[in-house]
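Chemist: build me a model from this:
(one chain, ligands or ions: 2)
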Amino acid sequence: MERNTLYPIFVKTEQIKILIVGGGYVAAEKLGFLTKSSPNAQIDMVAPFFREETLALVDTFGVHSIRRPFLPIDLDGIQMVIVATDNPELNERIYRLCRIKGILVNVADNPPLCDFYMGGIVTKGNLKVAISTNGKSPTVAKRLRQLFEEILPEELDELLDNLNAYRVTLKGDFEDKVAELNRVTRGLVTEK
Ligand SMILES: C[C@@]1(CC(=O)O)c2cc3[nH]c(cc4nc(cc5[nH]c(cc(n2)[C@H]1CCC(=O)O)[C@@](C)(CC(=O)O)[C@@H]5CCC(=O)O)C(CC(=O)O)=C4CCC(=O)O)c(CCC(=O)O)c3CC(=O)O
Ligand SMILES: NC(=O)C1=CN([C@@H]2O[C@H](COP(=O)(O)OP(=O)(O)OC[C@H]3O[C@@H](n4cnc5c(N)ncnc54)[C@H](O)[C@@H]3O)[C@@H](O)[C@H]2O)C=CC1
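Modeler: Numbering: from 1, shown residues only. Ligands and ions are numbered 1, 2, ... in the order given. Sure, this is the predicted structure:
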């Protein structure tokens, strides 16, 4: 069986700077998913033209938007880029520039030009689940996201809070704490 070898990381989006190039439908969709999961993300956007739905998100989430064509100087101080223009040659040029500068880049909906993929994301309080199909079917990632949003109970966050409160009361060395936390949560994985 083929295996997904992508490594998911959970980025502190308020500590890095993200640039989205383009302001159209695809840009709005990616910005929408990004801000849904990370409303405090620090995001710049550059495009000569912004659609209504993009502008609404720009306003809501305090995105810094620049209304002109992309310039290489836009990459200064940026750690992550999402490219979503309607100009495939430009998209590829920006991809190469990012590679040279060591900036992580995703050309939306263009897997060969992605250092990372966006995923389906479920958030319940402190819990976050990210889903990837290795690019095989974004639609399945979306459907699974919807399924988990529905079936994961809101109380899961309470469980995390309770276990965190218990965790800080535990004395003993690291191994003792691991053993105790495993003991109290064993019921979650053993059949009744
Ligand atoms: C590889 C990847 C790269 C990337 O963009 O990061 C990629 C690639 C492509 N997407 C395409 C299309 C669609 N994408 C979606 C939806 C999502 N796409 C997302 C991620 C990814 N999309 C990455 C892989 C993720 C993984 O590993 O599974 C999600 C999860 C997250 C996000 O977008 O932030 C978000 C759902 C979020 C949610 O709902 O929770 C829908 C469904 C819909 O909109 O209803 C469609 C239309 C139906 C269809 O085509 O399947 C096309 C064809 C374009 C064309 O026709 O030319 C390509 C190119 C190709 O596959 O070759
Ligand atoms: N809309 C969709 O569902 C899909 C679109 N695509 C492709 O993705 C691309 C983008 O699509 P949309 O977002 O729908 O197009 P769009 O027309 O809504 O947006 C294109 C954006 O690119 C910007 N742009 C153009 N030149 C630029 C430059 N030099 N610098 C910065 N920004 C620039 C425009 O100002 C505009 O904001 C298209 O090539 C389309 O074929 C692919 C799959 C699905």
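Chemist: going forward, measure contacts and count neighbours with C-alpha atoms only.
Modeler: Noted.
Chemist: state the three-state secondary structure for the residue in the chain sticking out farthest from the centre.
Modeler: Of all residues in the chain, residue 172 has its C-alpha farthest from the mean position, at 36.5 Å, by Cα atoms, centre = their mean. Using DSSP: H, G, I helix; E, B strand; the rest coil, the secondary structure recorded for residue 172 is coil.
Chemist: measure it to ligand 2 for me?
Modeler: 55 Å (Cα to the nearest ligand atom, to the nearest Å).
Chemist: do the same with residue 178
Modeler: For residue 178, the distance to ligand 2 - Cα to the nearest ligand atom - is 47 Å.
Chemist: so what does the residue farthest from the centre of the chain look like in phi/psi?
Modeler: The phi/psi pair for residue 172 (degrees, to the nearest 10) reads phi 100, psi -180.
Chemist: and after the helix or strand hosting residue 43, which helix or strand comes next?
Modeler: Secondary structure assignment for residue 43, by DSSP states H and E: strand 42-46. Using DSSP H and E, the helix or strand that directly follows strand 42-46 along the chain is helix 52-60.
Chemist: tell me what angle that next one forms with strand 42-46.
Modeler: In terms of direction (axes from the mean of the first three to the mean of the last three Cα atoms, to 10 degrees), helix 52-60 departs from strand 42-46 by 140 degrees.
Chemist: what lies in contact with helix 52-60?
Modeler: 23, 24, 25, 27, 28, 31, 32, 63, 64, 65 (Cα atoms under 8 Å, 6 or more residues apart in numbering).
Chemist: filter these to the buried ones?
Modeler: 23, 24, 25, 27, 28, 31, 32, 63, 65 (16 or more other Cα atoms under 10 Å).
Chemist: that'll do, ta.
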